[in-house]
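Participant: Output the structure for:
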Amino acid sequence: MQNIPISLAAAGMVLAKEIKTDDNPASPPICGKGVTLTASLINRLAGMGVQSVVVEGHPVRLEGEKTLAETLEILDKRFAKVSGDQLMQRLREIYRKQIIRSLGDADGQ
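Facilitator: Here you go, the predicted model:
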């Protein structure tokens, strides 16, 4: 899932979290999780003052973000000193799978 500015939202993206008004988080949601965005819905949300939305996958590469390959390379470097430790390697694999799951869409994987 990725938190993106409403200006980068596009039709077809799916909300990963419900949208609530900032002034009253206890209020009912404006839009529910799992809703597919349309151009008119994005315009209505922007008109209501919604600044950002959380969408499924990682559809937008924001400036300054690392690519999937760069992120995995950093992970491997961080775990290089403990390459002989099976427990630490298992932990590295858990992190690796999570990174691929969260960033994979941005790189077409």
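Participant: how near is the residue in the chain sticking out farthest from the centre to residue 39?
Facilitator: The centre of the chain is farthest from one residue, residue 84, which by CA atoms, centre = their mean lies 32.5 Å away. Separation of residue 84 from residue 39 (CB to CB, to the nearest Å) stands at 54 Å. Using the backbone N, CA and C atoms, a C-beta is placed for each residue, glycine as well.
Participant: before we move on, what about residue 59?
Facilitator: Applying CB to CB, the value for residue 59 to residue 39 is 15 Å.
Participant: Which other helices and strands does the lengthiest helix in the chain contact?
Facilitator: Assignment by DSSP state H gives helix 86-103 as the longest helix of the chain. Under the contact definition 3 or more CB pairs under 8 Å, 6 or more residues apart in numbering; DSSP states H and E, helix 86-103 sits against helix 68-78.
Participant: Show me what the helix it packs on is packed up against.
Facilitator: helix 86-103.
Participant: Which positions in the helix it packs on come out as buried?
Facilitator: Buried residues in helix 86-103, counted by 16 or more other CB atoms under 10 Å: 92, 103.
Participant: That helix vs helix 68-78, what angle?
Facilitator: 160 degrees (axes from the mean of the first three to the mean of the last three CA atoms, to 10 degrees).
Participant: Domain map for this protein?
Facilitator: For the chain, automatic domain parsing gives the domain ranges 2-55, 68-107.
Participant: Let me have those domains in a markdown table, extended by mean pLDDT.
Facilitator: Output for the domains of the chain, formatted as a markdown table (pLDDT from 0 to 100):
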| stretch | mean pLDDT |
| --- | --- |
| domain 2-55 | 89 |
| domain 68-107 | 88 |
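Participant: List the contacts of residue 21.
Facilitator: Residue 21 sits next to 27, 30, 48 when contact means CB atoms under 8 Å, 6 or more residues apart in numbering.
Participant: residues touching the first one, list them.
Facilitator: Same thing as residue 27. Per CB under 8 Å, 6+ apart, neighbours of residue 27: 20-21.
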